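[1] What shape does this take:
(one chain, ligands or ions: 1)
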Amino acid sequence: MDREKARERIARLRAEIRHHDFLYYVRDAPEISDAAYDKLYRELVSLEEQFPDLVEPDSPTQRVAGQPLTSFPTVEHAAPMLSLDSDASEASLRRFDERLRKALPDVEVEYVLEPKLDGASVELVYEDGVLARASTRGDGRRGEGITENVRTIQAVPLRLRTEAPHPVPPFLSLRGEAIMHASVFDKLNERLIAEGKEPFANPRNVAAGALRQLDPQQTASKPLDLFAYDVLSAGESAQIPGIETQWEVLQALKEWGLRVSSLVRKVKTLEEILEYHQDLEARRDDLGFEIDGIVIKLNDLAARDRVGWTSRHPRWAFAFKFPPRKEITRILSIVPSVGRSGVVTPVALMLPVELGGVTVSRATLHNREEVARKDVREGDRVRIQRAGDVIPQVVERIVEPEREAEREKEPRWQMPATCPSCGTPLIERGPFTICPNGFECPAQLVGRIVHLASRDALDIEGLGDETAKLFVNEGLVRQLPDVFDLRAEQLVHLEGFAEKSSKKLEEALRKASKVELPRLLHGLGIPEVGVAVARDLSRHFGTFERIRTADAAALQEVAGVGPRMAEAITTFFRDEKNAPILDELLKRLDVQEQSAAPPASVLPLSGKKFVFTGGLAQMSRRDAQNLVESLGAKATGSVSKSTDYVVVGEDAGSKADDARTLGVTTLDEEGFLDLLRSLGAAV
Ligand code: IVH
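    A predicted model of the protein is given here:
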C-alpha cells in the first residue's frame, strides 16, 4: 500500500475503532464481535508498523507507553477536588434535603442520584478534545500526574467525540472514579494465591495501587475501568455553555465518549431517594463492582452556585452511605487463635455465609470479655458484619426461644488457661489474654514470619501463612532468622514445593534480605509500630542501631511517638529473648539505612490534638491514633477547649456531646479519612 492510501486507511480505522469503543464502553451496545474488533485493531497496528511516521499519540494503539517513569510529576488540579459530606443515617439525609429546600425556597428541587463508586478519584484534562493529562486526587489541590497509566484504561477515550451535540470546550477538566471490576479482582487474587502471594484486600486498593505504578505496563496488567461523573472546569467559564443541569452534564459526558454509570436517576422527592438507596443496596452484590452508597446531587447548576461550599465539601451534594454488610449464620465452634504479638483472640468458626461477595466462615469475637458480654456460645445463631476490609465480627447473638432451655445447660465459652500453640500459661491484661512466650511460641513465630514477609515489610513472594506453618512444623525454622538460611535443596522435599518453586523462594529471600530500614522496622511487628511510625523513626534516627538503643525520652522526640508507644518500643528491644534473635537476623540482612530527616514541626498535623470516640469501621482506634500521631498530632483521651478534632465513630459516648458543647470540630469517619487523605496519608 502506498503512503497516501495508508494514511487514509489509518484515519478510517482509527475512526471506526473509536466508534466501536464508544458503542462498547459508553452505550453498552457493541455492534461488532470482539473478533471483528480485533481484526480492525490488528490492521491498524500493522499499518502503523509499516508507516511509523504516521503514528499519532492519540491513536487507539498508543495506550501503553514504553518507558517506566522514575517519579510522578505533581499536577495542580484545574479546580479543587473536594470530597462529599457523607453519612449512613437517614436523619442526616433528611437534614441535607431540608437544608437545601430551605435555602432554595423558590426552586423546585430536583436531584440526580448516582452510585457512590468505591474506587480512586482522578482528574482527566482534555485539551482540544485530546487527553492531555490525568492525575490522582492527592490533597485535593495537587495530585500526582498519572497520565500514562490512565491512558491504559480502555474506557478512557484518548480523543473525545467532536460530533456530539454539545461542542467539546477547548479546555475540559473532568472528574471520575477508576475502579476494578469484581471479576478482574477475583481473578487477580486467585492468581496471587496460586503463586503463594498475599491477596489484595479489596478492589479499591488495587485500583489506587495500579494507578500509582511507575511502569504503565504494570497498570495495564491490572485492567481498570473509569466512570466519569463531574466537570471540574471548562476553562474560563466553570460551566459549559448550553448545559444547565447535572443531568445534562452526564449526557454530554456520554456523548463525548466517556463512560457514565447507567444507574443514574433523576428524582424530586426524599422518598424516591430512599427507594433508590434501598434498591441499590439490595443489588449491591450483583453489580459486578463495589459501591459504598449513593450520591445525591442538586440537579440545577445555577442553584448549586447559590448554596455553595463549605471548606471541605459542596452543600449541594451528599453521600448517603450503605450500612456495613450484615448476615446471619451459626457458630460451629469458638477457638482461641494466637496472633503474632501473643494476643489470644476468640475466633468464631461459622457455617460459611456470603457477605458482600466473599464467603465468610470466621469472625472475630475480639477478647474474652466481649464473648462474655455478648454471651455468645457454640451453636448460637449470630449476626455478623463486615465493614470495609476489616475482619468480619460477631455483632450479636440472635435469641432462639426454642433453644434457650437447652442452651442454658451448656457451659459458657472459656478462654483456655494455657496457650493452644505452646502450652505456656496465659496471662490476662485488661480484657486481653496473652501468651507470654514470644518468639518461642510456634503460633507467634508463624505470625511473625508472615508479617515480616508481608507486602509493606520485606515483601517476600511465596511466603504466606501456609508456607510459614509448614516451615515451623517441619522444624526448618525455629527462629525468625532461620528463614534466611532456607535453601532450595531443603525446600524441594516439602509438600507443595517443586524444583522451580524452591529456587524461586530462595531467590526471593536473597532479594528481600536487602531491605530498607522502615520496612524492616515495620516487619519486626513491634507492638504499636505501623508503617507510618516505622518511617518516622527511620527518618529521625537514620540507623537501626540508633533506634534499638534509643531510650523512651529520645523516642518521644519523634513526632507521633507518645509515652505508650515509646514504652512498647523499648520493651521490645530490651527483651532479653528478642536481643539474640535480632542480632542473628541483622547478620543475615543488608539494611539500607536512611539519612536523618525533616524536623517534626513540618509534619502536617503538628500541634493538633485529636480525641477519638466510638468505633471506626475502617481501622481500629489504636491505628487511627497512631496514624494521626505519625502525622505530628497528639491523640488524647478527653475533650477540652484546646482539642482540635473529635473523631466520632459508631456508638460514640459523651465525648461527642462534650465536643459539641465546647464547639470543637467533630469529624465522622469519612470526614476523618478525607482529612488524612488530603494530607497525603495512604488510607
Ligand atoms: S462527586 C464535589 N460522585 O466519593 C463532589 N463522587 O468523598 C465531588 N465518588 O472523593 C465528588 N462516586 O472519589 C462524586 N458519583 C460520584 C461518586 C463520587 C464515588 C467518590 C469520589 C469522592 C468520594 C466522596
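[2] All the strands of the stretch 501-650 of the chain, residue numbers only.
    Secondary structure of the stretch 501-650 of the chain (DSSP state E, counting those that start in this stretch): strands located at 514-516, 590-592, 609-613, 634-636, 645-648.
[3] Select, out of those strands, the one closest to E271.
    Set against E271 and scored by C-beta to C-beta, the strands of the stretch 501-650 of the chain come closest in strand 645-648, at 28.4 Å. Just so you know, the C-beta spots here come from the backbone N, C-alpha and C atoms, and that holds for glycine as well.
[4] and the closest one, which strands flank it?
    strand 609-613 (parallel), strand 665-667 (parallel) (DSSP bridges).
[5] which bits of the chain sit near the ligand?
    Proximity of the chain to the ligand is confined to 82-84, 114, 116-117, 121, 177, 229-230, 295, 314, 317, 319 under the rule C-beta under 6 Å from any ligand atom.
[6] redo that, cut-off 5 Å
    Listed as neighbours of the ligand in the chain under the rule C-beta under 5 Å from any ligand atom: L82, S83, L84, E114, K116, L117, S121, E177, Y229, V295, P314.
[7] can I get these in JSON lines with pLDDT, neighbour count and distance to D459?
    Converted to JSON lines, those look like this (pLDDT from 0 to 100; neighbours: other C-beta atoms under 10 Å; distance: C-beta to C-beta, whole Å):
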{"residue": "L82", "pLDDT": "88", "neighbour count": "18", "distance to D459": "35"}
{"residue": "S83", "pLDDT": "90", "neighbour count": "20", "distance to D459": "31"}
{"residue": "L84", "pLDDT": "94", "neighbour count": "20", "distance to D459": "34"}
{"residue": "E114", "pLDDT": "98", "neighbour count": "25", "distance to D459": "37"}
{"residue": "K116", "pLDDT": "97", "neighbour count": "20", "distance to D459": "32"}
{"residue": "L117", "pLDDT": "97", "neighbour count": "26", "distance to D459": "29"}
{"residue": "S121", "pLDDT": "96", "neighbour count": "20", "distance to D459": "27"}
{"residue": "E177", "pLDDT": "98", "neighbour count": "24", "distance to D459": "28"}
{"residue": "Y229", "pLDDT": "97", "neighbour count": "24", "distance to D459": "35"}
{"residue": "V295", "pLDDT": "98", "neighbour count": "22", "distance to D459": "36"}
{"residue": "P314", "pLDDT": "93", "neighbour count": "17", "distance to D459": "40"}
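[8] Quick check: V112 is in a helix.
    No. V112: not assigned to a helix; according to DSSP: H, G, I helix; E, B strand; the rest coil it is strand.
[9] isn't it right up against W247?
    Yes. In this structure, V112 sits in contact with W247. The criterion is C-beta atoms under 8 Å, and the distance is 5.5 Å.
[10] just to revisit the earlier point, taking the residues of the chain next to the ligand one by one, which sit in strands?
    Counting by DSSP state E, the part of these found in strands is E114, K116, L117, S121, E177, Y229, V295.
[11] tell me the contacts of the closest residue to G235 other than its chain neighbours?
    In space, G235 comes closest to F171 once its chain neighbours are excluded; the distance is 3.5 Å by C-beta to C-beta, 6 or more residues apart in numbering. By C-beta atoms under 8 Å, 6 or more residues apart in numbering, the contact set of F171 is A78, V125, Y126, E127, S233, A234, G235.
[12] Direction included, what does the host helix or strand of the fifth one pair against?
    Assigning secondary structure by DSSP states H and E places S233 in strand 225-233. Strand 225-233 pairs in its sheet with strand 171-179 (antiparallel), by DSSP bridges.
[13] Find the nearest non-adjacent residue to Q218, please.
    The shortest distance from Q218 to any non-neighbouring residue, by C-beta to C-beta, 6+ apart, is to A210 (7.2 Å).
[14] pretty sure the one you found is touching Q217, no?
    No. Here A210 lies out of contact with Q217, judged by C-beta under 8 Å, at a distance of 11.1 Å.
[15] between the two, who's got more neighbours?
    Counted by other C-beta atoms under 10 Å, A210 and Q217 do not tie: A210 has more neighbours, with 24 against 14.
[16] before we move on, the earlier item: same for the helix or strand just after the strand holding S233, what does it pack against?
    Past strand 225-233, heading to the C-terminal end, the next element that is a helix or strand (DSSP H and E) is helix 246-256. Here helix 246-256 touches strand 111-117, strand 225-233, going by 3 or more C-beta pairs under 8 Å, 6 or more residues apart in numbering; DSSP states H and E.
[17] switch to 10 Å and redo it
    Of the remaining helices and strands, those touching helix 246-256 by 3 or more C-beta pairs under 10 Å, 6 or more residues apart in numbering; DSSP states H and E are strand 111-117, strand 171-179, strand 225-233, strand 265-267, strand 291-298, helix 301-307.
[18] got any residues that touch both of A210 and Q217?
    In the contact map built from C-beta atoms under 10 Å, 6 or more residues apart in numbering, the residues linked to both A210 and Q217 are N149, T152.
[19] ok, what's across the strand from K266?
    V112.
[20] ok, which stretches of the stretch 501-650 of the chain are helices?
    517-523, 531-541, 544-549, 552-555, 563-574, 578-588, 621-630 (DSSP state H, counting those that start in this stretch).
[21] Export those as JSON lines, with columns for mean neighbour count and mean pLDDT.
    Formatted as JSON lines, the helices of the stretch 501-650 of the chain follow (neighbours: other C-beta atoms under 10 Å; pLDDT from 0 to 100):
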{"stretch": "helix 517-523", "mean neighbour count": "23", "mean pLDDT": "94"}
{"stretch": "helix 531-541", "mean neighbour count": "22", "mean pLDDT": "87"}
{"stretch": "helix 544-549", "mean neighbour count": "16", "mean pLDDT": "94"}
{"stretch": "helix 552-555", "mean neighbour count": "15", "mean pLDDT": "93"}
{"stretch": "helix 563-574", "mean neighbour count": "17", "mean pLDDT": "93"}
{"stretch": "helix 578-588", "mean neighbour count": "15", "mean pLDDT": "94"}
{"stretch": "helix 621-630", "mean neighbour count": "21", "mean pLDDT": "80"}
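[22] any idea how far D674 is from the closest residue to the ligand within the stretch 501-650 of the chain?
    The ligand sits closest to Q618 of the stretch 501-650 of the chain, with a gap of 13.6 Å, by C-beta to the nearest ligand atom. When C-beta to C-beta, to the nearest Å is the yardstick, Q618 and D674 sit 12 Å from each other.
[23] list residues touching both of these two?
    For the pair Q618 and D674, residues contacting each of them under the criterion C-beta under 10 Å, 6+ apart are V683.
[24] Looking at these two, which is more packed in?
    For Q618 versus D674, the count of surrounding residues by other C-beta under 10 Å is larger for D674: 22 against 16.
[25] And for that one, nearest residue in space, chain neighbours not counted?
    The spatial neighbour of D674 that comes closest, neighbours along the chain excluded (C-beta to C-beta, 6+ apart), is S83 at 4.4 Å.
[26] List the contacts of the one you found.
    For S83, the contacting residues are 121, 137, 140, 312-314, 317, 319, 670-671, 673-675, 677-678, by C-beta under 10 Å, 6+ apart.
[27] coming back round to it: with pLDDT added, can I get the contacts of F171 in JSON lines?
    Below are the contacts of F171 laid out as JSON lines (pLDDT from 0 to 100):
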{"residue": "A78", "pLDDT": "93"}
{"residue": "V125", "pLDDT": "97"}
{"residue": "Y126", "pLDDT": "96"}
{"residue": "E127", "pLDDT": "95"}
{"residue": "S233", "pLDDT": "92"}
{"residue": "A234", "pLDDT": "91"}
{"residue": "G235", "pLDDT": "85"}
